[in-house]
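*Asks:* sharing a model prediction with you, sequence too.
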Amino acid sequence: MTSLLENENNQNGMKQNSFSVFQWNQLCSIYTDNFVKVNPQCLNWEFRKERIKEILNSASSDIYCLEEVDQYEFFNELFSEKGFNVIYEKKKTKNSPQGILVAVNKEKFDILESNIVY
């Protein structure tokens with residue numbers, strides 16, 4: 001068996017069997033009031049979503065794990081356009097608008113099964 005670190009580099013200089021993971025708490029909109037020293041415009045979803053889109057589009061990860069996702073449609077569209085399968089699970093807490101999202105590069109991975117553990 002060959003470890004990931006022993007594989008030859010591909011054309012991009014990456015190990016052929018390696019992958020990258022991007023993990024991020026994207027801040028659920030209901031918590032933005034807690035940041036009293038931040039310019040309110042910067043906490044507005046219409047402003048934030050453009051910055052978030054820039055960050056996620058500039059990242060070149062194979063798997064994205066996002067916490068506090070309350071704008072599922074936005075993230076689903078963004079990752080689907082990038083060629084990712086998306087798994088989303090809304091938090092089971094009463095009246096919580098947020099959940100977790102995992103996006104997986106379709107070219108590298110097949111999702112065979114998913115289990116949400118709380």
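*Replies:* That came in fine, so what should we check first? Numbers count the residues shown, from 1 in each chain.

*Asks:* just checking, what packs against the helix ranked longest in the chain?
*Replies:* Of all the elements of type helix in the chain, the one with the most residues (DSSP state H) is helix 45-58. Counting contacts by 3 or more Cβ pairs under 8 Å, 6 or more residues apart in numbering; DSSP states H and E, helix 45-58 is packed against helix 72-81. C-betas here are computed from N, CA, C, even on glycine.

*Asks:* need the residues that contact the helix it packs on.
*Replies:* With Cβ atoms under 8 Å, 6 or more residues apart in numbering as the test, helix 72-81 has contacts from 49, 53, 56-57, 64, 66, 69, 86, 88, 90, 99, 101, 103.

*Asks:* the strands in the chain, which residues?
*Replies:* Applying DSSP state E to the chain gives strands spanning 21-25, 63-69, 84-90, 99-105.

*Asks:* next, format the ones you listed as JSON lines and append distance to residue 40.
*Replies:* Shown next, in JSON lines, are the strands of the chain (distance: least, Cβ to Cβ, whole Å):
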{"stretch": "strand 21-25", "distance to residue 40": "20"}
{"stretch": "strand 63-69", "distance to residue 40": "19"}
{"stretch": "strand 84-90", "distance to residue 40": "27"}
{"stretch": "strand 99-105", "distance to residue 40": "25"}
